[in-house]
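**Q** here's a sequence, model it:
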Amino acid sequence: MRFSMVALAALSGALSLASAAPAPDPPTPVVERTLPSTTASDKTIFSPPTDANWTNPRVLYARAIELSSGALLATWENYSPEPPLVHFPIYQSLDGGLTWSEIGQVHDTQNGWGLRYQPFLYELPQRIANYPKGTVLLAGNSIPTDLSLTKIDIYASRDGGFTWEFVSNVASGGEALPINGLTPIWEPFLMVYDSELICYYSDQRDENYGQKLVHTTTRNLHNWTTLIDDVHDDSAYAARPGMPAVAQLPDGNWIFAYEACGTDGCRVHYRLGANPLDMLNAGSYTVVSDQGTYPVSSPYVVWSSVGGGNGALILSCGTNANLFVNRKLGDPDSWVEYAIDQPKAYSRGLMLYNEDDTMLMAIGAGHLPPSDTNYVSNSVVDLDALGI
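**A** Okay, the predicted model is just below:
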């Protein structure tokens, strides 16, 4: 959820593709090294030029993934001067996140609005219709400069992030302001489950709720199913659950983390259930650490095998630089805080390395406006060395 977007506003042939015979999967390129040679703290990926007229907050909401090739990709909200329309930059690292360079850009080719908010990167782990395993997807919110409309659109790259093509529109909404009664949609999160691509997102279009969390699925990336609610509050219209993040646990359960704004100060809540398509009926909990800390705002969660046994859930939030770790499969009394050097950030992203998931990357791009010093940075963290 965006607490300061009002201030920011003041500043300013699918079916035939899906049914065509699929092309063979391309060979996966190999990157020589996939793990960083060392840990790293708050390494700058991108900082807007100080002499340019960038819109406050300059950058925000960073995400990173490791591809099956071993290359890393990163993107973020880029508040560059308009015109031209804003876009999502694509940066690549071939040394595990120690150095980065821009290799591509994702532009709005459909709406003439720009790609403005909440990018999410995902690599297909299997073929979906005409999109081979290894296709990189980017879901993002296309919004005009006046913030009057919202569209969650999907773009695809078949060459590891260098070039991009439009795939489909997941959903459309109204004015991009976090005000109950308006009808925007926000914050996509992509995941493949049971040979379907799921898109979770925050939705203000239901007149019964200030905001709720929903998902839709597709088997061809073009046709999306009817919405299913994941989290809503029947007792309070003012409740604004938002910013979904999902990870699988080794016992077969799934954790569905989100912020509970409107009624609980945006504290981080989560649900645990065996079916990621039925979180509405799953058990619900609030994260509170061994130090009595309630993480607040914009969660992200991953599961690592660190330490053996049940491994560990690793959770980040928007108001605390520490990681919140649970080594008991999400037991609500078992969250422990660990300090890392990566600064806190709004919707800070987490990524585990494919070759060794005891190594973690945290990536952030600063704070909600007003914030005229935001930059994009990442840290590489050895979870074993933290003592998890």
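**Q** element containing the residue most central in space within the chain, please.
**A** In the chain, the residue lying closest to the centroid (CA atoms, centre = their mean) is residue 120, at 4.6 Å. Assigned by DSSP states H and E, residue 120 belongs to strand 115-123.
**Q** which residues sit against that strand?
**A** Residues outside strand 115-123 that contact it (CB atoms under 8 Å, 6 or more residues apart in numbering): 2, 61, 63-65, 67-68, 73-77, 85-88, 106-108, 134-143, 150, 153, 176, 186-191, 347. C-beta here means a position set from N, CA and C on the backbone, and glycine is covered the same way.
**Q** distance of the residue lying closest to residue 261 once chain neighbours are set aside relative to residue 299?
**A** Closest residue in space to residue 261, ignoring its immediate chain neighbours: residue 240 at 4.0 Å, by CB to CB, 6 or more residues apart in numbering. According to CB to CB, to the nearest Å, residue 240 and residue 299 sit 14 Å apart.
**Q** now do residue 290
**A** Counting by CB to CB, the gap from residue 290 to residue 299 is 18 Å.
**Q** these two: which has the busier surroundings?
**A** More neighbours surround residue 299 than the other of residue 290 and residue 299, with 28 against 12 (other CB atoms under 10 Å).
**Q** can you pull out the helices in the chain?
**A** Under the criterion DSSP state H, the chain contains helices at 5-10, 14-19, 383-386.
**Q** the residue nearest to residue 261 contacts residue 262, doesn't it?
**A** Yes - in this structure, residue 240 is within contact of residue 262 by CB atoms under 8 Å, at 3.7 Å.
**Q** between the two, which contacts overlap?
**A** 180, 210-211.
**Q** I'd like these written out as a markdown table, with pLDDT, distance to residue 199 and neighbour count added.
**A** Compiled in a markdown table, the shared contacts of residue 240 and residue 262 are given as follows (pLDDT from 0 to 100; distance: CB to CB, whole Å; neighbours: other CB atoms under 10 Å):
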| residue | pLDDT | distance to residue 199 | neighbour count |
| --- | --- | --- | --- |
| 180 | 98 | 23 | 13 |
| 210 | 98 | 21 | 23 |
| 211 | 98 | 16 | 28 |
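**Q** for the chain, name the helix or strand with the lowest mean pLDDT.
**A** helix 14-19 (a mean of 36; mean pLDDT, DSSP states H and E).
**Q** ok, residue 47 - contacts?
**A** 375-376 are the contacts of residue 47 under CB under 8 Å, 6+ apart.
**Q** one more pass at 7 Å, please.
**A** residue 375 (CB atoms under 7 Å, 6 or more residues apart in numbering).
**Q** mind pulling up the pLDDT for it?
**A** Here, the pLDDT recorded for residue 47 equals 97.
**Q** low pLDDT regions in the stretch 1-150 of the chain?
**A** Scanning the stretch 1-150 of the chain for pLDDT under 70 picks out the ranges 1-34.
**Q** how does it look with 50?
**A** In the prediction, the stretch 1-150 of the chain carries residues with pLDDT under 50 at positions 3-21.
**Q** what does the stretch 201-350 of the chain give?
**A** Across the stretch 201-350 of the chain, no stretch falls below the confidence threshold (pLDDT under 50).
**Q** strands of that one, start to end?
**A** For the stretch 201-350 of the chain, applying DSSP state E, counting those that start in this stretch gives strands covering 212-218, 228-231, 240-248, 254-261, 267-273, 283-286, 300-304, 312-316, 323-326, 335-338, 349-352.
**Q** list just the one of the ones you listed that sits closest to residue 97.
**A** strand 349-352 (8.4 Å; CB to CB).
**Q** what strands line up against that closest one, and which way round?
**A** Strand pairing for strand 349-352, determined by DSSP bridges: strand 359-364 (antiparallel).
**Q** so the partner strand versus strand 300-304, what angle?
**A** 170 degrees (axes from the mean of the first three to the mean of the last three CA atoms, to 10 degrees).
**Q** tell me the contacts of the residue nearest to residue 261?
**A** Residues near residue 240 by CB under 7 Å, 6+ apart: 1, 210-211, 261-262.
**Q** residue 224 too?
**A** By CB under 7 Å, 6+ apart, the contact list for residue 224 reads 170, 216, 218.
**Q** what about residue 55, distance to residue 48?
**A** Distance from residue 55 to residue 48, counting by CB to CB: 10 Å.
**Q** okay but residue 262 is in contact with residue 241, surely?
**A** No - here residue 262 does not reach residue 241: they are 8.2 Å apart, not a contact under CB atoms under 7 Å.
**Q** surely residue 176 meets residue 144?
**A** No - using CB under 7 Å, residue 176 is not in contact with residue 144, being 8.7 Å away.
**Q** re earlier: distance of the residue nearest to the centre of the chain relative to residue 320?
**A** Separation of residue 120 from residue 320 (CB to CB): 22 Å.
**Q** same check on residue 202?
**A** Between residue 202 and residue 320 the distance, using CB to CB, works out to 21 Å.
**Q** more neighbours: those two, which one.
**A** Counted by other CB under 10 Å, residue 202 and residue 320 do not tie: residue 202 has more neighbours, with 28 against 19.
**Q** quick one, what contacts residue 216?
**A** Residue 216 sits next to 170, 199, 224-225, 227 when contact means CB under 7 Å, 6+ apart.
**Q** distance to residue 157 added to these, as JSON lines?
**A** Formatted as JSON lines, those follow (distance: CB to CB, whole Å):
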{"residue": "170", "distance to residue 157": "17"}
{"residue": "199", "distance to residue 157": "17"}
{"residue": "224", "distance to residue 157": "20"}
{"residue": "225", "distance to residue 157": "24"}
{"residue": "227", "distance to residue 157": "27"}
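**Q** can I get the buried part of those residues as one ChimeraX selection?
**A** Per 16 or more other CB atoms under 10 Å, the buried members of the contacts of residue 216 correspond to this ChimeraX selection:
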select :170,199,224,227
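**Q** let me know the closest of the contacts of residue 216 to residue 245.
**A** For those, the nearest to residue 245 is residue 199 (13.3 Å; CB to CB).
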